[in-house]
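A.B. asks: no sequence on this one, just coordinates:
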């Protein structure tokens, strides 16, 4: 008898477990609530049956008799559930649709449980209020992602942030209207309507990241193109020879000897510069594999001057970066090799005829700058007397430049 | 006539009446309903009804540990449950009276 009681207990536990399995659609709390004490009730009912059943028929009720006595566990669970006023599970418990939807149900239960755990938190209230206020943004986002998904599916074109055609705009606006109406609880007739909305939302959530990733990738590519385009028309200033910007100028005197530290101005006294980014640019020089960067010359007022030629510099790799972002050239700049060691000398006999013609239009008191740069080889006496002490190229050049600068 | 259908409509008031008489656990209520003549009542229907009445606030509940086997969940009636029972009892009497008169009349006509 004790053996049969033990098997009876096991049978009862098995039957109760089967009933609980068929209540799978409910939350664990609801299942516990519904089946709390179920074992005791089942055992009592069986004991009653034993008592009423005369003879040996009811004494050792075999396992399948629980089903005979109480019915199929699924039916038992359904009865328990409906009489408790809980909604019936959609299709027959255990069916294919039931199995397919069970992960969704499990997710919903987890969400409900997580929400229940969060609600008592003090920060939850304000957070939930905030989240509710920005829900309309999610409606727009849903429409936008759905638009992108449909666009890719229908046209196969690369993604763009916003439509580029009238039809695209119409589609986006239509989707937005639908999404907003869904958000307001409209336009979802019956179960099918709600299902369409749910599927669309799930698709939007799943597609959001891939869509964003590919849209921003496309945008980056476009930006790269823009950058390379802006490089072209940038140099509006500078010296151009044969349509190509010139990086450096080499000046020779009348005898064809190379000059150094020559200041060049235009007819309005503006500095003639070949470089415009304060030395950060790199230039390819003939005869060098490495690109060069150039240095300014500092005048006596402490100003950096970029119109003193030939520009001196060094290969870019020799520059060092200071912590504040300034560039330093430890060894100082060198003059790049001139195109010729010596230029053809001018015919000096004609120079006499040229010289007065150069000087005539100018005020005789002021020194023409062309003459001022000349002194180094010859030490022309006509140019130097006004500044007085300046006999060297540097001093003479600086003093002439002073008044010429605006 | 399928009495199980009729029973569904009156199970609430039947369960309330049984529990109002004396506190009881699930199967105990089933047994007393059956003893009263409601032989067709289903175990699970009664258990579900007890849970529903409990969650709607008409019943109280307490657990009594058992020396042998699983614990038992007892149900008792409270003021709200009594009010509900009174109202439903009144409804039942009116309805039963109406039905009786109707059936008697039709019987007389036939």
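C.D. replies: Now that the structure is in, tell me what you want to look at. Remember, it's a predicted structure, so these values are computed and weren't measured experimentally. Residues are numbered from 1 along each chain as shown, chains lettered A, B, ... in the order given.
A.B. asks: I'd like the distance from the longest helix along chain B to the chain centre, please.
C.D. replies: With DSSP state H setting the assignment, residue counts place helix B:79-109 as the longest helix in chain B. Taking the mean of its C-alpha atoms, helix B:79-109 sits 15 Å from the chain's own mean (Cα atoms, centre = their mean, to the nearest Å).
A.B. asks: So what's the residue count around the closest residue to chain A within chain B?
C.D. replies: The nearest approach of chain B to chain A comes at residue B:48, 3.0 Å away (Cβ to the nearest Cβ). The way it works is simple: take the backbone N, C-alpha and C, and place the C-beta from them, glycine included. When neighbours are defined as other Cβ atoms under 10 Å in any protein chain shown, residue B:48 has 24 of them.
A.B. asks: give the contact list for it.
C.D. replies: By Cβ atoms under 8 Å, 6 or more residues apart in numbering or on different chains, the contact set of residue B:48 is A:34, A:79-85.
A.B. asks: where's the residue nearest the centre of chain A relative to residue B:70, distance?
C.D. replies: Ranked by distance to the mean C-alpha position of chain A (Cα atoms, centre = their mean), the top residue is residue A:216 at 6.5 Å. Residue A:216 is 61 Å from residue B:70, where distance means Cβ to Cβ, to the nearest Å.
A.B. asks: By mean pLDDT, point me to the weakest helix or strand of chain A.
C.D. replies: Among the helices and strands of chain A, helix A:393-404 carries the lowest confidence by mean pLDDT, DSSP states H and E, at a mean of 42.
A.B. asks: Show the pLDDT at the residue nearest to the centre of chain A.
C.D. replies: Reported pLDDT at residue A:216 in the predicted model: 80.
A.B. asks: so where does it fall, helix or strand?
C.D. replies: Element membership of residue A:216, judged by DSSP states H and E, is helix A:190-231.
A.B. asks: what's the next secondary structure element after that helix?
C.D. replies: Tracing the chain C-terminally past helix A:190-231 and defining elements by DSSP H and E, one meets strand A:239-241 next.
A.B. asks: Which positions in that following strand come out as buried?
C.D. replies: Within strand A:239-241, the residues that qualify as buried by neighbour count (16 or more other Cβ atoms under 10 Å in any protein chain shown) are residue A:239.
A.B. asks: For it, name the packing helices and strands.
C.D. replies: Counting contacts by 3 or more Cβ pairs under 8 Å, 6 or more residues apart in numbering or on different chains; DSSP states H and E, the secondary-structure elements packed against strand A:239-241 are strand A:244-246.
A.B. asks: Any buried residues in the strand it packs on, and which?
C.D. replies: When burial is assessed from 16+ other Cβ under 10 Å, strand A:244-246 yields no buried residues.
A.B. asks: and it, what does it pack onto?
C.D. replies: When contacts are defined as 3+ Cβ pairs under 8 Å, 6+ apart, strand A:244-246 sits against strand A:239-241.
A.B. asks: So what's the gap between the strand it packs on and the chain middle?
C.D. replies: Strand A:239-241 has its average C-alpha position 40 Å from the chain's average C-alpha position, going by Cα atoms, centre = their mean.
A.B. asks: and for it, what are the contacting residues?
C.D. replies: Counting contacts by Cβ under 8 Å, 6+ apart, the residues outside strand A:239-241 that touch it are A:245-246, A:249, A:272, A:274.
A.B. asks: show me the contacts for residue B:55.
C.D. replies: Shown here is residue B:55, whose contacts under the criterion Cβ under 8 Å, 6+ apart are A:33, A:84-85.
A.B. asks: Now residue A:203. Nearest residue, chain neighbours left out?
C.D. replies: Counting by Cβ to Cβ, 6 or more residues apart in numbering or on different chains, the nearest residue to residue A:203 once its immediate chain neighbours are dropped is residue A:149, at 6.4 Å.
A.B. asks: again but with residue A:163, I slipped
C.D. replies: Take residue A:163 and drop its neighbours on the chain: the residue closest to it by Cβ to Cβ, 6+ apart is residue A:169, 4.8 Å away.
A.B. asks: How about the residues of chain B by chain A?
C.D. replies: B:11, B:25-28, B:30-31, B:42-49, B:51-52, B:55, B:63, B:66, B:69-73 (Cβ under 8 Å from any Cβ of the partner chain).
A.B. asks: Repeat the analysis, applying 7 Å as the threshold.
C.D. replies: Applying Cβ under 7 Å from any Cβ of the partner chain, one finds that chain B approaches chain A through B:25-27, B:31, B:42-45, B:47-49, B:51-52, B:66, B:69-73.
A.B. asks: Tell me which of those residues fall in helices.
C.D. replies: Here DSSP H is the test, and the residues of chain B next to chain A give B:26-27, B:31, B:43-45, B:47-49, B:51-52 as lying in helices.
A.B. asks: who wins for most neighbours among the residues you listed?
C.D. replies: Going through these with other Cβ under 10 Å as the criterion, the one with the most neighbours is residue B:47, at 28 neighbours.
A.B. asks: Hmm, residue B:26 and that residue touching each other?
C.D. replies: Yes. Here residue B:47 reaches residue B:26: they are 4.9 Å apart, a contact under Cβ atoms under 7 Å.
A.B. asks: anything in contact with each of those two?
C.D. replies: Between them, residue B:47 and residue B:26 share the neighbouring residues residue A:41, with contact defined by Cβ atoms under 7 Å, 6 or more residues apart in numbering or on different chains.
A.B. asks: Show me the shaky parts of the stretch 101-250 of chain A.
C.D. replies: A:101-102, A:219-236 (pLDDT under 70).
A.B. asks: and if you look at chain B?
C.D. replies: Low-confidence regions of chain B, defined by pLDDT under 70, span residues B:1, B:106-110.
A.B. asks: Which neighbouring elements make contact with the strand or helix carrying residue A:50?
C.D. replies: Element membership of residue A:50, judged by DSSP H and E, is helix A:38-52. For helix A:38-52, the helices and strands in contact under the criterion 3 or more Cβ pairs under 7 Å, 6 or more residues apart in numbering or on different chains; DSSP states H and E are helix A:2-21, helix B:26-35, helix B:43-55.
A.B. asks: for those helices, which one ends up most surrounded?
C.D. replies: Among the helices and strands packed on helix A:38-52, the stretch with the highest mean neighbour count (mean count of other Cβ atoms under 10 Å in any protein chain shown) is helix B:43-55, at a mean of 24.
A.B. asks: Run the angle between that one and helix B:79-109 for me.
C.D. replies: Following axes from the mean of the first three to the mean of the last three Cα atoms, to 10 degrees, one obtains 130 degrees for the angle between helix B:43-55 and helix B:79-109.
A.B. asks: Now do helix B:43-55 and helix A:38-52, the angle between them.
C.D. replies: Computed by the same axes, to 10 degrees, the angle between helix B:43-55 and helix A:38-52 is 140 degrees.
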